[in-house]
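In: Starting from these lines, generate the structure:
(one chain, ligands or ions: 2)
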Amino acid sequence: MTPGEALAAECARYAAMGWMRGTSGNLSVVVDRDPLRLAVTVSGKDKGELTPDDVVLVDAGGNTDDPVRVPSAEAALHGRIAAVSGAGAVVHVHALAPVVAAERWPGGVELRDLEMLKGFGRRAHDDVVVIPVVPNGQDMGVLGDAFEEGFRPDVPALLVARHGVYVWGDDLYQARHRLECLEWLLRFTVEVPSSRR
Ligand SMILES: CSCCC(=O)C(=O)COP(=O)(O)O
Ligand SMILES: [Zn+2]
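Out: Ligands and ions are numbered 1, 2, ... in the order given. Next comes the predicted model:
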């Protein structure tokens with residue numbers, strides 16, 4: 001499968017889950033590590049209807065020399081996450097539970113004692129996972145600096161307040177599995193009163 005085919009297929013899956021409403025969300029895969037180059041989804045299109053041609057090659061700063069396609073407005077944050085974490089794929093969706101969780105716990109969202117933590121690469125018990133939250137903004141350099149400040153190699157996710165969630169992994173499939181488990185964990189956390197958790 002080409003990067004374009006894989007990105008379009010993953011977008012269709014997330015869109016069907018209601019996590020890419022409107023034209024929201026963007027995905028990327030690393031196609032070269034040195035220098036870093038990523039294939040990222042185009043900006044402003046319905047991500048449930050992408051074709052394999054709707055991807056753009058960008059550098060670590062999100063810049064492209066493609067004369068036609070416009071990369072995601074968030075391509076530079078994908079580049080920063082891939083550079084800092086070593087991830088091979090970065091996914092960003094606008095699912096609701098991550099945004100509600102970030103709103104309630106702007107200092108970071110604590111997760112513990114849940115079996116689904118294993119799907120996020122952590123232990124179900126005797127472990128506390130804190131998902132960092134950064135303020136939203138339109139400057140990807142500022143967002144990237146905030147991400148890097150709170151980066152921990154054992155937490156492959158970032159919540160952007162009033163915006164959405166980023167998750168990454170070795171490839172699109174690991175990123176997807178982590179995202180699906182994290183969304184479940186965050187939904188549980190916002191829906192179940194703290195006295196029951
Ligand atoms: C209604 S979506 C607003 C922009 C955004 O947050 C997003 O994820 C999509 O941006 P892109 O440039 O990748 O289409
Ligand atoms: Zn977004």
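
In: Check what contacts the lengthiest helix in the chain and list those residues.
Out: Under DSSP state H, the helix in the chain containing the largest number of residues is helix 172-191. Helix 172-191 is touched from outside by 6-7, 10, 13, 19, 27, 29, 87, 89-91, 93, 95, 97-98, 100-101, 104, 109, 111, 114, 116-117, 119-121, 131, 156-157, 165, 167-169, 197, with contacts defined as Cβ atoms under 8 Å, 6 or more residues apart in numbering. For glycine as for every other residue, the C-beta is placed from the backbone atoms N, C-alpha and C.

In: Could you do stretch 152-159 as well?
Out: Surrounding stretch 152-159, the residues in contact under the criterion Cβ under 8 Å, 6+ apart are 81, 85, 87, 98-99, 101-102, 109, 120-122, 129-134, 147, 150, 165-169, 175, 178-179, 182.

In: What are the buried residues along the helix or strand in which residue 7 is found?
Out: Mapping residue 7 onto the secondary structure by DSSP states H and E places it in helix 3-16. Neighbour counts over helix 3-16 (16 or more other Cβ atoms under 10 Å) mark 3, 4, 6, 7, 8, 10, 11, 14, 15 as buried.

In: Now do the helix or strand that it is followed by and helix 172-191, the angle between them.
Out: Counting by DSSP H and E, the next helix or strand C-terminal to helix 3-16 is strand 26-33. Regarding strand 26-33 and helix 172-191, their directions subtend 140 degrees when assessed with axes from the mean of the first three to the mean of the last three Cα atoms, to 10 degrees.
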